[in-house]
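In: Task: produce atomic coordinates for the following.
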Amino acid sequence: MDIAIIAMTENPLKVIWTAARTCYSSQTPLELWESEPSREEMLRLVKKIFLSKHLSVVEHASVTFAVSGVSRTLLAQYTRHRIGVSMSVQSQRYVSERSAKNGGLFQHVIPPSIVENPEAQAIYEEQCRKIQDCYDTLLDLGVPKEDARFILPGGADTNFVTTLNFRSLLDIYTKRVLVPGAQWEIKEMVSKMVELVVEAEPWLGEIIEAMTEGETGG
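Out: Below you'll find the predicted structure:
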């Protein structure tokens, strides 16, 4: 799994602050944007917004990730989050998984519980080889890639670009990381996404910590 930020709203804290202040200020949005509030002033208001869950203004900040080496199973889970989330996914219809291209076997994800069990991993990898042989044979028989792909498993990996506004990112983080029960792969992906955003914008980490404490009663 590889995740990187390729674009993000410039100065998202001030963007959110400007949007929030616009709702209650006689000043124009541009006047607010060109003003010079302190970081503490902006953070105080934005933190209050997050904790009170008045989150429409948070949607003005967004982040775009490049994601690679995740499974189609994860993709199916992630695409359930549709509001405030945009996706551009590598197509199995157009991108061949033929063994000659891939050096012998299509790229795939192996769950940790299988990796930890040598016998289970051997069975898993043998089945992947059988699927690869079947895929190659279908192509040799003239079956188009868009139909041959039906034989590929949920563990076949994929790549995508996804853009989320901050409200949606934190909603997914709550549902896939903070709330118990999410599958390991999507939990790892969303955790890395938030980690990268917090690394770029540390103030968001303060807010997430405060929100987490509120959820758990800590």
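In: which residue ranges form the helices in the protein?
Out: Ranges of helices in the chain, per DSSP state H, are 12-22, 29-34, 39-52, 72-78, 99-102, 112-115, 118-140, 145-148, 166-173, 184-200, 202-216.
In: now for the fourth one, which elements pack on it?
Out: Using 3 or more Cβ pairs under 8 Å, 6 or more residues apart in numbering; DSSP states H and E as the contact definition, the elements that helix 72-78 packs against are strand 157-165, helix 184-200. No exception for glycine: its C-beta is placed from N, CA and C like everyone else's.
In: again, but for the second one
Out: Under the contact definition 3+ Cβ pairs under 8 Å, 6+ apart, helix 29-34 sits against helix 12-22.
In: Please state the offset of the helix it packs on from the chain centre?
Out: In terms of Cα atoms, centre = their mean, to the nearest Å, the centre of helix 12-22 is found 24 Å from the chain centre.
In: Could you pull up the mean pLDDT of it?
Out: Averaged over helix 12-22, pLDDT sits at 95.
In: Contacts for that helix, please.
Out: Residues outside helix 12-22 that contact it (Cβ atoms under 8 Å, 6 or more residues apart in numbering): 9, 27-29, 32-33, 37, 39, 41-43, 45-46, 49, 57-58, 60-61, 166, 201, 203-204.
In: helices and strands of the chain: which one has the lowest mean pLDDT?
Out: Within the chain, no helix or strand scores below helix 99-102, which has a mean of 72 by mean pLDDT, DSSP states H and E.
In: re earlier: which of the helices and strands packed on helix 72-78 sits closest to Leu105?
Out: Closest to Leu105 of the helices and strands packed on helix 72-78 is strand 157-165 (Cβ to Cβ; 11.3 Å).
In: neighbouring strands for that closest one, and are they parallel or not?
Out: Strand 157-165 pairs in its sheet with strand 62-71 (antiparallel), strand 85-89 (antiparallel), by DSSP bridges.
In: the inter-axis angle of that strand versus helix 166-173?
Out: Counting by axes from the mean of the first three to the mean of the last three Cα atoms, to 10 degrees, strand 157-165 lies at 130 degrees to helix 166-173.
In: Export strand 157-165 to PDB, keeping only CA atoms.
Out: The C-alpha trace of strand 157-165 is given here as PDB (Å, rounded to 0.1, in the frame of the first residue of the first chain):
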ATOM      1  CA  ASP A 157      -4.800  -4.900  -6.400                       C
ATOM      2  CA  THR A 158      -5.700  -1.500  -7.900                       C
ATOM      3  CA  ASN A 159      -4.700   2.100  -8.000                       C
ATOM      4  CA  PHE A 160      -6.800   5.200  -7.700                       C
ATOM      5  CA  VAL A 161      -6.900   9.000  -7.100                       C
ATOM      6  CA  THR A 162      -9.400  10.200  -4.600                       C
ATOM      7  CA  THR A 163     -10.300  13.700  -3.400                       C
ATOM      8  CA  LEU A 164     -12.200  14.300  -0.100                       C
ATOM      9  CA  ASN A 165     -13.300  17.400   1.600                       C
END
